[in-house]
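*Asks:* Got a predicted model here, sequence first, then my questions.
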Amino acid sequence: MIPELGTLALAIALVLSLAQAGFGLFGAHTERLGWMQAARSAVTGVWLFVALAFGVLVFTLVTHDFSVTYVAQNSNSALPLLYRVAAAWGAHEGSLLLWTLILATWALLVSVFSAGLPSVFRARVLGVLGLVGSGFLAFTLLTSSPFARLIPAAPDGADLNPILQDPALAAHPPMLYMGYVGTAVAFAFAVAAMLSGRLDAAWARWTRPWTVAAWMCLTVGIALGSWWAYYELGWGGWWFWDPVENASFMPWLATTALIHSLAVTEKRGLFKQWTLLLAIFAFSLSLLGTFLVRSGVLVSVHAFAADPSRGLFILGLLMFFIVGSLLLYAFRAASLKSEGGFAVVSRESFLLLNNALLVAAAGLILVGTLWPLLMDVLSLGKISVGPPYFNVVFLVPTLPLVVLVGIGMHATWQRARLGYRGRWLVMIAGVALVAAWGIAFGAYRQSGLALTLVGFTAGLFVIGSALVEPWQRLRHRQPLSRAALGMAIAHLGIGIFVIGVTGVTSYKVEKDVSLGVGQSAEIAGYRFTFLGTHPVTGPNYEAIEGRVAISREGKPVTELRTQKRTYRVQRNPMTQAGIAVAWNRDLFVALGEDLGAGQWSMRLQYKPLVRYLWIGALVMAFGGLIAMLDRRYRRSAAATPEPAADARAP
Amino acid sequence: MTPRRRRLWLVVGIVAGVGLAAVVALKAFDNNLTYFYDPSQVVAGQVPVGRVFRIGGMVTRGSVERSPGSLEVRFVITDFAHSVPVRYTGLLPDLFREGQGIIAHGRMNGGEFVADEVLAKHDEKYMPPEVAKSLKNNPATAERPQ
């Protein structure tokens, strides 16, 4: 009976979600307060019923109800509790339900924290979110119900895919979805603005914290995924330009551009149409990502079982929202013109460049991601676009961007006068250059590519530049707004990230070796000695554990354990890498296979500064959190709708 | 400079930047397109000589050979119509097994495919779509051992 309760809850949620869309949009159109109020109540109802459905799914997983197909396919009686819960988003049907739950949660948050919004505007936003929610609820119910029964029930489950049995991966999808789905809020704000024909500084101020919140979750989600891939999946790689990684990264780039464009729209009343378009892009790219992952059209680690009807349904949703919003844009955007101008050297220009470069990067990644698909559809051959393409097309726009970040954040609106900051920046650039040279030749005794020096210099420059403002304020005991502090922290994160990427890309050492017990191999000055293997038994797997001692110049550094696991149910072998973390490097050992003659294959890796790329991403997200909590976003928006014109150029 | 003039320069600058980026991107694109072929196409000589490509198929049962203690491994991949021998040095992915669908990246050398990367996807039920398709298009698939 319990699983049927889940289906029922989903069906009720769908009806309520349609009501939310109808009452919201028509209520706003006809300005009927009662209807608009009903839309708000519907939001709460949708959330309750989707949460109930999700709770039912978790309950069936935790209680081992193998009469439910989803549970029988993705769980097992020996699966630890944490992963039984995480199995709720470990496969297609469940992760779609999570998607819907998160969308309902965003809508609920908007409904609760929107006391300051004009009720017509709020009703429109909730209406659009209701429309999106209805689409996905219908999708879940019609093509991918996680509550489908299995008759006769299975005696035991087929277990959760072993590579998903990992704490970071338990957290990765919810976080990523928070970000993905969060772009729907910015999208709904944009559509509401177009419907009402009103887009002012207040609108930008309402939209900004939501966009930043989504961006923050997306950042953490992507970083978690990359970290997981590093130790679990990729044998030490942290980014593969896998289509599904790109699918999450493109909305990130678009959302990053949107955050910056919104700043200009709020402060200067400019870039209005562009901001709207970016909000549409960001959400469309999120939907595209969902389509790419869920339809199984791509060759990818993430591609779940392909089912054509699912792909078509999402494609339909995708087309509906993209075409619908672009049509609305075509008819309404012209009335939302920006007024005023700015000098060539001004914060506006820097932000314009920021947007151009971010969108260029996203566009080029999109081409590389979709090209193989297009060729395949047109029967022009099966191709893949290799990582070197993505490295080049990503680096070309983003490297200048990093340098521009360092300068741009000090530029003033309208016409930039850097003043004393100009002198600071020159000084910081000089110090960064010397320090970069020092790191390359001093610490690593090789310059490698010129790109290494450029990377270190750019990273250090951005870090220094981000600290100028907070440091000056602190010294003169002046307060710094949370928005400004958040910006400085986020940009600091970029610098840290760039240094990590530069370090690990330039100086990593990777070697596959064949070692017998007692034999050793050396990479990057570290000697890895194979101590032997022994069997280990885990809760739901058997493993062979290899021990490797690491020494440097005769002094022991650490001992690592790496396992080759075989899970009892699915029987897939799985490598568990051994990683030694230090502030300046990771040492990484992955056990290969028994090569015979007492030899084992092993992959040894030296990964300098690799931690900084994830730390950098987390610092960026933290900056977002601080900026989001700025006081002015909490001020009642209805109280003083500040005109955007106050800073207009003469 | 008048504002109009300035804006013109800004636009010219952006267009030039975008153009340059496009050239770089196209070049990178062209250099990094990798085609996928199945063993029948390779045997039929449809692969340009010296070109890096990806080959996909099933690892023939009983074909995996390595000299004890060595990282070098040889095996044969097949689409059940034709077969191509493959040589690879290094760690094989966890799910590499005989009878499993794989994709290898590399180039032909003599009659042998020298792989620099071997991919097996992360699910025992999973078969790379390209491999599945080329097996399906092939009438000989019916003989496929279970």
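*Replies:* Received it, and whenever you're ready, just let me know what you need. Residues are numbered from 1 along each chain as shown, chains lettered A, B, ... in the order given.

*Asks:* Tell me where the model's unsure across chain B.
*Replies:* For chain B, the stretches flagged by pLDDT under 70 are B:1-2, B:121-146.

*Asks:* for it, which helix is longest?
*Replies:* Across chain B, the longest stretch assigned as helix under DSSP state H is helix B:3-31.

*Asks:* For that helix, buried residues please.
*Replies:* B:6, B:10, B:17, B:21, B:24, B:25, B:28, B:29 (16 or more other Cβ atoms under 10 Å in any protein chain shown). Using the backbone N, CA and C atoms, a C-beta is placed for each residue, glycine as well.

*Asks:* tell me, which of those make contact with chain A?
*Replies:* B:6, B:10, B:17, B:21, B:24, B:25, B:28, B:29 (Cβ under 8 Å from any Cβ of the partner chain).

*Asks:* which one of those residues sits closest to residue A:309?
*Replies:* residue B:29 (33.4 Å; Cβ to Cβ).

*Asks:* In terms of pLDDT, where does the most centrally placed residue in chain A sit?
*Replies:* Compute the mean C-alpha point of chain A, and by Cα atoms, centre = their mean the closest residue is residue A:218, 2.9 Å away. For residue A:218, the pLDDT comes out at 95.

*Asks:* for it, what are its contacts?
*Replies:* A:176, A:178, A:179, A:180, A:182, A:183, A:248, A:251, A:252, A:255 (Cβ atoms under 8 Å, 6 or more residues apart in numbering or on different chains).

*Asks:* just curious, which of the residues you listed is nearest to residue A:49?
*Replies:* residue A:178 (20.0 Å).

*Asks:* What is the burial count for the nearest residue to the closest one once chain neighbours are set aside?
*Replies:* Spatial nearest neighbour of residue A:178, chain neighbours left out: residue A:217 (3.6 Å); criterion: Cβ to Cβ, 6 or more residues apart in numbering or on different chains. By other Cβ atoms under 10 Å in any protein chain shown, the residues close to residue A:217 number 22.

*Asks:* quick one: residue A:217 and residue A:183 touch, right?
*Replies:* No. Residue A:217 is beyond contact range of residue A:183, at 10.0 Å (criterion: Cβ atoms under 8 Å).

*Asks:* picking that back up, could you dump the buried residues of helix B:3-31 to a markdown table with distance to residue A:617?
*Replies:* Conversion of the buried residues of helix B:3-31 to a markdown table gives the following (distance: Cβ to Cβ, whole Å):
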| residue | distance to residue A:617 |
| --- | --- |
| B:6 | 37 |
| B:10 | 32 |
| B:17 | 27 |
| B:21 | 25 |
| B:24 | 26 |
| B:25 | 25 |
| B:28 | 25 |
| B:29 | 27 |
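
*Asks:* And these, which two are furthest apart?
*Replies:* Pairwise over the buried residues of helix B:3-31, using Cβ to Cβ, the maximum falls at B:6 and B:29, 34.1 Å.

*Asks:* mind giving me the domain ranges of the chain?
*Replies:* I went with chain A, as the question did not name one. With domains defined by automatic domain parsing, chain A comprises A:1-165, A:166-342, A:418-507, A:509-608.

*Asks:* Oops, wrong one, chain B.
*Replies:* B:1-32, B:35-143.

*Asks:* Please work out which of those is packed deepest.
*Replies:* domain B:35-143 (a mean of 17; mean count of other Cβ atoms under 10 Å in any protein chain shown).

*Asks:* how many other residues sit next to residue A:612?
*Replies:* Around residue A:612 there are 24 residues (other Cβ under 10 Å).

*Asks:* who touches it in this structure?
*Replies:* So residue A:612 contacts A:496, A:497, A:499, A:500, A:503 (Cβ under 8 Å, 6+ apart).

*Asks:* I'd like these laid out as a markdown table, including distance to residue A:172, neighbour count and pLDDT.
*Replies:* A markdown table is the format used below for those (distance: Cβ to Cβ, whole Å; neighbours: other Cβ atoms under 10 Å in any protein chain shown; pLDDT from 0 to 100):
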| residue | distance to residue A:172 | neighbour count | pLDDT |
| --- | --- | --- | --- |
| A:496 | 21 | 25 | 97 |
| A:497 | 18 | 23 | 97 |
| A:499 | 24 | 24 | 96 |
| A:500 | 19 | 24 | 96 |
| A:503 | 24 | 27 | 93 |
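
*Asks:* Now flag whichever of the residues you listed is closest to residue A:452.
*Replies:* Distances from residue A:452 to the contacts of residue A:612, taken by Cβ to Cβ, are shortest for residue A:503, at 8.5 Å.

*Asks:* Perfect, that will be all.
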